[in-house]
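# Any chance you could fold what I've pasted below:
(chains A, B, C and D)
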Protein chains: 2
Amino acid sequence: MGDLKTSYHHGDLRRAVVDCASRKIQADGADKLSLRGCAREIGVDPAAIYQHFKSKEAILEEIARIAFADLANLMETETAAAGADSRARLLSVGAAYVAFARAHPKLFALMFKVSGAATSGATRGVSSMGRDPYRILTDAWSDFAGDEADEVSPIALWSAVHGMAELLISGFGPEEDAEVTTLIEEVCASMIDGRKVRAAGVVDADETP
Amino acid sequence: MGDLKTSYHHGDLRRAVVDCASRKIQADGADKLSLRGCAREIGVDPAAIYQHFKSKEAILEEIARIAFADLANLMETETAAAGADSRARLLSVGAAYVAFARAHPKLFALMFKVSGAATSGATRGVSSMGRDPYRILTDAWSDFAGDEADEVSPIALWSAVHGMAELLISGFGPEEDAEVTTLIEEVCASMIDGRKVRAAGVVDADETP
DNA sequence: TCTCCATCTCAACGGTGTTGAGATATTTGA
DNA sequence: TCAAATATCTCAACACCGTTGAGATGGAGA
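Sure, this is the predicted structure:
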C-alpha cells in the first residue's frame, strides 16, 4: 500500500517497482512475482515498467544486487561490533550470514539463483556486485589465520556457513534461535579449529589417496 | 524424442510426463518448465496431464522425491564402494553428495525448493520421501564418531557438504574436478577432525558466551 | 511559448496453468 | 457376448502472464 500515483508522471517509478517487487518477493518468493501485479499496486500501466527495466529478469538481478549489498553491510556491522578478538569476529561474520538468510529467506534464495545465471562461474563473480560478502569473510579469515591463510580455506568456511543457512531456510535443522546459535557456532568453530589443527599436524595425515 | 502416441489412450502418460518434465528441468531449470510444452512433445492435450497430477506443483514434488531417492542411491553405492574404513566412508558420502549436485544442478536446486514448501520444518521432513540422504549421512557419522556422536553434529557436517554443493553449482569456487575433490576433502576433514579435536579438548573452550 | 524528449497509456500478441463438459476407449460383470 | 461403468483423453474457454509498438501526455530547456 505504498505509492498512489496522482500525476501522469510517477516521479520515481523505478524505485517504486524495486520496492514493490522486493516486498512481494520477500512475502511469496521470486517465482510468484508478477510485474502486472506490481504495476496494479503502484497504479501504473504494466508497460510503464519497461521504461526503466529491460525485463523482469533485470529487476530480479537488481534486487539480488541490493540484497548482496545489504548482506555485506550486516556482516561488516556485526564484525565491527564483535570487538578485537579475531576468532570472535570470524564467528560473528558467520553468524551474521546465517542471520540474514533466516531473516530474508526468499531474498537469500534469489541471490544465488540469479547470480548463478549472471556470473561466468569464477569466484570473482560476486565482487562485481558492490561490496563483497566473500571478501569480508576472507578478510576476517586472514585476520584470524594469519600467514596460514591460503586460497582454498575461506571457501571451505564459506561452504559451512552457506550450507547452514540453506538448510535452515529449507526447513532442516533446528528452528529455535538458541539451538541455531549453538549450531552455527559449532559449525564455524569446527571449521576453524579443524583447519588449524590439521595444518598444525595434530591429526594424522590424510589416509585418502 | 520420446513418446509418439498412436492410440487414443497413451498407455503410460504419467511416466511420460515425469520423464519429459525431468528432462526439461535438467536442461533449463524448473522455472522454465512448461506443462503445455511437455504435452506438445508427448503429443497429448495439456488437459490430459490433469488426470494424473493435481497441479504443476505436484509434478515438481514428484520429481524432487525421485531425485532424493537417486541421491540416496548414489550415496549408498559410493559408501559401500569406499571399503571398511569409517573415515574414508564418511568422506565418500560427502563426495557423493557434492558429485550428485554437480551432475544434476537443476534437480538439486529443485529438491530443496519444493521440499522447503512441503515440509513443516522438522528434520524429519526428508524421511517422508523414501530413503533418506540425511539418514545415510548420519549413519556414516555414527560409524565414524562412535559414542561421541550426538544429535547436532551430523547437521553440522551436512551443512558443510551442502554448502559446498550449493556454492559450486552457483558458480563460486573451483570448476576443475581435481580442485573440487581437494576442497570437498578439506571441508569434510576439517569438519570431522575439528569436531573430534574440540570434543577431546585439545583446543581451548569457547570464548564466546 | 514552443519544441523536444522522457515517461506513461492503450491495445494487442503469444504464451501459461487450470477447469468443465463431452468424446472415446478399456475394463467390468451379468 | 454385449451393455454399462469407468478411466482416460480432447476441446474450448478462462484468467492470468511478460513483452512490444504506436500513440498520448506533460515537464524541461531554448
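# residues touching A:Lys24, list them.
A:Lys32, A:Leu33, A:Ser34, A:Gly37, A:Cys38 (Cβ atoms under 8 Å, 6 or more residues apart in numbering or on different chains). Where C-beta positions appear, they are placed from N, C-alpha and C, glycine not excepted.
# contacting residues for whatever residue of chain A ends up closest to chain B?
Proximity of chain A to chain B (Cβ to the nearest Cβ) peaks at A:Gly194, 2.1 Å away. By Cβ under 8 Å, 6+ apart, A:Gly194 lies in contact with B:Ala189, B:Ser190, B:Met191, B:Ile192, B:Asp193, B:Gly194, B:Arg195, B:Val197.
# circling back to that earlier point, export the contacts of A:Lys24 to TSV and append columns for distance to A:Leu74.
Shown next, in TSV, are the contacts of A:Lys24 (distance: Cβ to Cβ, whole Å):
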residue	distance to A:Leu74
A:Lys32	25
A:Leu33	24
A:Ser34	29
A:Gly37	29
A:Cys38	26
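# What's the PyMOL syntax to select whichever of those are buried?
To isolate the buried ones among those in PyMOL, judged by 16 or more other Cβ atoms under 10 Å in any protein chain shown, type:
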select buried, chain A and resi 33+38
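# With respect to A:Pro105, which of the contacts of A:Lys24 is nearest?
When these are ranked by distance to A:Pro105 (Cβ to Cβ), A:Lys32 comes first, at 13.8 Å.
# Do you know the pLDDT at the residue nearest to the closest one when sequence neighbours are not counted?
Of all residues beyond its chain neighbours, the one nearest A:Lys32 is A:Lys24 (7.3 Å), with distances taken as Cβ to Cβ, 6 or more residues apart in numbering or on different chains. The model reports A:Lys24 with a pLDDT of 98.
# secondary structure element for A:Lys24?
Taking DSSP states H and E as the criterion, A:Lys24 maps to helix A:13-28.
# Does that helix reach DNA strand D?
No: Helix A:13-28 does not reach DNA strand D (Cβ under 7 Å from any atom of the strand); its nearest approach is 9.2 Å.
# Tell me the gap between that helix and the middle of its chain.
Put simply, helix A:13-28 sits 18 Å off its chain's centre (Cα atoms, centre = their mean, to the nearest Å).
# That one close to DNA strand C?
Yes: shown here: helix A:13-28 in contact with DNA strand C (Cβ under 7 Å from any atom of the strand) through A:Leu13.
# A:Gly29: neighbouring residues, count only.
17 (other Cβ atoms under 10 Å in any protein chain shown).
# And A:Asp177, by the same measure?
Using other Cβ under 10 Å, A:Asp177 has 10 neighbouring residues.
# Am I right that A:Gly173 is in contact with B:Ile155?
Yes: with contact defined as Cβ atoms under 8 Å, A:Gly173 reaches B:Ile155; the gap is 5.2 Å.
# so which strand or helix has A:Ile155?
Secondary structure assignment for A:Ile155, by DSSP H and E: helix A:153-169.
# so what secondary structure elements neighbour that helix?
Where contact means 3 or more Cβ pairs under 8 Å, 6 or more residues apart in numbering or on different chains; DSSP states H and E, helix A:153-169 is packed against helix A:86-103, helix A:105-118, helix A:133-145, helix A:177-200, helix B:153-169, helix B:177-200.
# Only C-alpha atoms, please: export that helix in PDB.
The C-alpha trace of helix A:153-169 is given here as PDB (Å, rounded to 0.1, in the frame of the first residue of the first chain):
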ATOM      1  CA  SER A 153      40.300 -22.300   3.200                       C
ATOM      2  CA  PRO A 154      38.000 -19.400   3.100                       C
ATOM      3  CA  ILE A 155      35.800 -21.200   0.600                       C
ATOM      4  CA  ALA A 156      35.700 -24.100   2.900                       C
ATOM      5  CA  LEU A 157      34.400 -21.900   5.700                       C
ATOM      6  CA  TRP A 158      32.000 -20.200   3.400                       C
ATOM      7  CA  SER A 159      30.700 -23.600   2.400                       C
ATOM      8  CA  ALA A 160      30.000 -24.500   6.000                       C
ATOM      9  CA  VAL A 161      28.200 -21.200   6.700                       C
ATOM     10  CA  HIS A 162      26.300 -21.100   3.500                       C
ATOM     11  CA  GLY A 163      25.200 -24.700   3.900                       C
ATOM     12  CA  MET A 164      23.900 -24.000   7.400                       C
ATOM     13  CA  ALA A 165      22.000 -21.000   6.000                       C
ATOM     14  CA  GLU A 166      20.500 -23.000   3.100                       C
ATOM     15  CA  LEU A 167      19.500 -26.000   5.300                       C
ATOM     16  CA  LEU A 168      17.800 -23.800   7.900                       C
ATOM     17  CA  ILE A 169      15.700 -21.900   5.400                       C
END
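# Can you name the residues that contact A:Lys106?
A:Ile25, A:Gln26, A:Ala27, A:Asp28, A:Gly29, A:Ala30.
# Just the buried residues of stretch A:36-48, please?
A:Cys38, A:Ala39, A:Glu41, A:Ile42, A:Val44.
# how distant is the helix ranked longest in chain A from the center of its chain?
Criterion DSSP state H: the longest helix present in chain A is helix A:56-81. Relative to its chain's centre, helix A:56-81 lies at 6 Å (Cα atoms, centre = their mean).
# Kindly calculate the angle that that helix makes with helix A:133-145.
20 degrees (axes from the mean of the first three to the mean of the last three Cα atoms, to 10 degrees).
# average pLDDT across helix A:56-81?
Taken as a whole, helix A:56-81 has an average pLDDT of 95.
# So which elements touch it?
helix A:13-28, helix A:86-103, helix A:105-118, helix A:133-145.
# Name the SS class of A:Lys54, please.
Secondary structure assignment for A:Lys54 (DSSP: H, G, I helix; E, B strand; the rest coil): coil.
# Quick check: phi and psi on it?
Dihedral pair for A:Lys54: phi -70, psi -30, per degrees, to the nearest 10.
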